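S.K.: can't give you the sequence, but here's the structure:
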């Protein structure tokens, strides 16, 4: 099991480094990967050597978790490309396609500069100066009206003078001063937003992934139901015993991603259908995802698209979990009971799981018992874990998008760093969260901005965002001792 976790972590971490960090630094990816994997390798090695003696981990094991992130940051900065050095406007082009290797020196000529200046009325945005960058014009000045009205007016003026030639981006600098960035529209030639020539939806490909995932999750579900390989070879029809787990898990994942998909379509953002990731081991799938192929217009859209998935998934998860718990079996508590042992599951690591388990099972669940989870309960439990994982307020996770939309990009990066440290500390209380903590440290803190990244949310969305953070806390934090004693669990 240790080697399986390391294998999964290694693939995920290398993929994240290859797709994100490799574009901004010359430091070899394998070296960065080795540094960031060192804490997991050291921790796993110590557990393998001392698992028989059951000795408590020494305090020095926390040192790699503190040193390696600093070393990782130093190596990234050491090999950082000159043209990716951070400035106040480093995020200006994050919402569009990367620049071509040899971009023009400036996207407009001297004659067009006057037309661009005319797009900024002094009563809306008093333009102070223009800074010409490769593939962008940074427009600095003083905002004189509310951000939403300013963005709409400036965008309309730019479209009036230049048509669909440019995208208008409105952001706050790192010093919290709003500025506009005028960048070439990558879809100008086609007049559409898609970034590839192939079909975006690819329904047959999405359907094929669903069918493959049904098979792999059914296979895993059958193993959970106690079906052996010999029995399966003798009678293939018993594979159907894995369908309750398979259909429950796919239902949750499908509803979660459909929430994102429908919200994106509501804002007329081009997006793929949900794509499932099948694997023939572990849980039978690595989840599902959608890809958005056009920029997000504002923080309101960013918030709605991000929160739609977890809320929709939660509506599907709770009934499945309650039904599954109601059909689960109470077993004696043992030393092997915990959050990852589905045959002897202890819910006390999570406040929400403790309350739902006690509500469903009643007095049969007490301090001396654990739960042998029904396959549907396993799927519902995984649904809660996936929901909490997505709600983590870090980078590209749904929670990262949510706090970005609520507080702005600068504050969201600080919140993400605090969340990563808190998860690391929590993993020392519950070792099952260690892999989660490591993945968070591998995830970049920055989030792609919306085109209008200045306009703030309304009170209703801020309240929903706080509820989402509260949901994350009651899933992750353990039940307090006073509640455990009162419930006798």
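M.R.: All right, it came through fine. What you are looking at is a predicted structure, and each value in this text was computed from that prediction instead of being measured.

S.K.: would you map the strands across this protein?
M.R.: Applying DSSP state E to the chain gives strands spanning 125-133, 136-143, 166-172, 178-184, 275-278, 285-289, 329-332, 369-372.

S.K.: what are the structural domain limits within the chain?
M.R.: Domain ranges of the chain: 2-84, 110-184, 203-487, per automatic domain parsing.

S.K.: take those and write them to TSV, including mean pLDDT.
M.R.: Below are the domains of the chain laid out as TSV (pLDDT from 0 to 100):
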stretch	mean pLDDT
domain 2-84	70
domain 110-184	89
domain 203-487	89
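
S.K.: what about residue 424, how many neighbours?
M.R.: Neighbourhood size, residue 424 [other CB atoms under 10 Å]: 21. All C-beta spots, glycine's among them, are computed from the backbone N, C-alpha and C.

S.K.: again, but for residue 71
M.R.: 14.

S.K.: would you agree it is in contact with residue 35?
M.R.: Yes - using CB atoms under 8 Å, residue 71 is in contact with residue 35, at 5.4 Å.

S.K.: follow-up on the earlier one: just put the strands of the chain in TSV and tack on mean neighbour count.
M.R.: Listed next are the strands of the chain as TSV, based on neighbours: other CB atoms under 10 Å:
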stretch	mean neighbour count
strand 125-133	15
strand 136-143	19
strand 166-172	23
strand 178-184	22
strand 275-278	19
strand 285-289	19
strand 329-332	12
strand 369-372	20
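
S.K.: can you say which of those strands is nearest to residue 39?
M.R.: Nearest to residue 39, of all the strands of the chain, is strand 285-289, at 22.4 Å by CB to CB.

S.K.: contacting residues around the most centrally placed residue in the chain?
M.R.: With distances taken as CA atoms, centre = their mean, residue 397 lies nearest the centre of the chain, 1.9 Å away. Listed by CB atoms under 8 Å, 6 or more residues apart in numbering, the contact set of residue 397 reads 389-391, 443.

S.K.: highest neighbour count among those?
M.R.: The most crowded member of the contacts of residue 397, judged by other CB under 10 Å, is residue 391 (27 neighbours).

S.K.: thinking again about what came up before, residue 339 is nearest to which of the strands of the chain?
M.R.: Nearest of these (CB to CB): strand 369-372, 10.9 Å.

S.K.: of the contacts of residue 397, which pair is most distant in space?
M.R.: Greatest spacing in the contacts of residue 397, by CB to CB: 391 and 443 (13.6 Å).

S.K.: can you point me to the longest helix in the protein?
M.R.: With secondary structure taken from DSSP state H, the chain has its longest helix at helix 299-326.

S.K.: so which bits of it are buried?
M.R.: Of the residues in helix 299-326, 299-314, 316-318, 320-325 count as buried by neighbour count, 16 or more other CB atoms under 10 Å.

S.K.: circling back to that earlier point, any chance of the strands of the chain in JSON lines, plus distance to residue 40?
M.R.: Formatted as JSON lines, these follow (distance: least, CB to CB, whole Å):
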{"stretch": "strand 125-133", "distance to residue 40": "40"}
{"stretch": "strand 136-143", "distance to residue 40": "39"}
{"stretch": "strand 166-172", "distance to residue 40": "36"}
{"stretch": "strand 178-184", "distance to residue 40": "39"}
{"stretch": "strand 275-278", "distance to residue 40": "22"}
{"stretch": "strand 285-289", "distance to residue 40": "18"}
{"stretch": "strand 329-332", "distance to residue 40": "31"}
{"stretch": "strand 369-372", "distance to residue 40": "28"}
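
S.K.: of all these, which one is nearest residue 253?
M.R.: strand 285-289 (4.6 Å).

S.K.: partners of that closest one in the sheet?
M.R.: Strand 285-289 has the following sheet partners, assigned by DSSP bridges: strand 275-278 (antiparallel).

S.K.: quick one: contacts of the partner strand?
M.R.: Counting by CB under 8 Å, 6+ apart, residues outside strand 275-278 touching it are 205-206, 209-210, 212-213, 215-217, 250, 253, 284-291.

S.K.: what about 10 Å?
M.R.: 202, 205-217, 219, 250, 253-254, 257, 284-291 (CB atoms under 10 Å, 6 or more residues apart in numbering).

S.K.: quick one: which of those sit in helices?
M.R.: The members of those that map onto helices under DSSP H are 205-217, 219, 250, 253-254, 257.

S.K.: from those, which would you call buried?
M.R.: So, by 16+ other CB under 10 Å, the buried ones in the ones in helices among the contacts of strand 275-278 are 206, 209-210, 212-214, 216-217, 219, 250, 253-254, 257.

S.K.: pick the one among those closest to residue 125.
M.R.: When these are compared for distance to residue 125 (CB to CB), residue 257 wins out at 38.3 Å.

S.K.: excluding chain neighbours, what is closest to that closest one?
M.R.: Leaving aside its sequence neighbours, residue 257 sits nearest to residue 274 (CB to CB, 6 or more residues apart in numbering; 3.6 Å).

S.K.: what of residue 375?
M.R.: residue 245 (3.5 Å).

S.K.: I'd say the one you found and residue 285 touch.
M.R.: No - if you go by CB atoms under 10 Å, residue 245 and residue 285 don't touch, sitting 11.0 Å apart.

S.K.: so what's in contact with these two at the same time?
M.R.: Counting by CB under 10 Å, 6+ apart, the residues touching both residue 245 and residue 285 are 217, 220, 382.

S.K.: and the spatially closest residue to residue 440 that is not a sequence neighbour, how many neighbours?
M.R.: Once flanking residues are discounted, residue 440 sits nearest to residue 420: 4.7 Å by CB to CB, 6+ apart. Residue 420 has 23 neighbours, counted by other CB under 10 Å.

S.K.: was I right to think residue 420 contacts residue 444?
M.R.: No - under the criterion of CB under 10 Å, residue 420 makes no contact with residue 444, lying 11.1 Å away.

S.K.: just to revisit the earlier point, nearest to residue 28, of the strands of the chain?
M.R.: Distance to residue 28, taken as CB to CB, is lowest for strand 285-289 among the strands of the chain, at 26.3 Å.

S.K.: chain center to that closest one, what's the gap?
M.R.: How far strand 285-289 lies from its chain's middle: 12 Å, per CA atoms, centre = their mean, to the nearest Å.

S.K.: ok, the residue of the chain most remote from its centre to residue 117 distance?
M.R.: Taking CA atoms, centre = their mean, the residue of the chain most remote from its mean C-alpha position is residue 111, at 44.5 Å. From residue 111 across to residue 117, the span is 12 Å (CB to CB, to the nearest Å).

S.K.: same check, this time on residue 439
M.R.: Per CB to CB, residue 439 is found 47 Å from residue 117.
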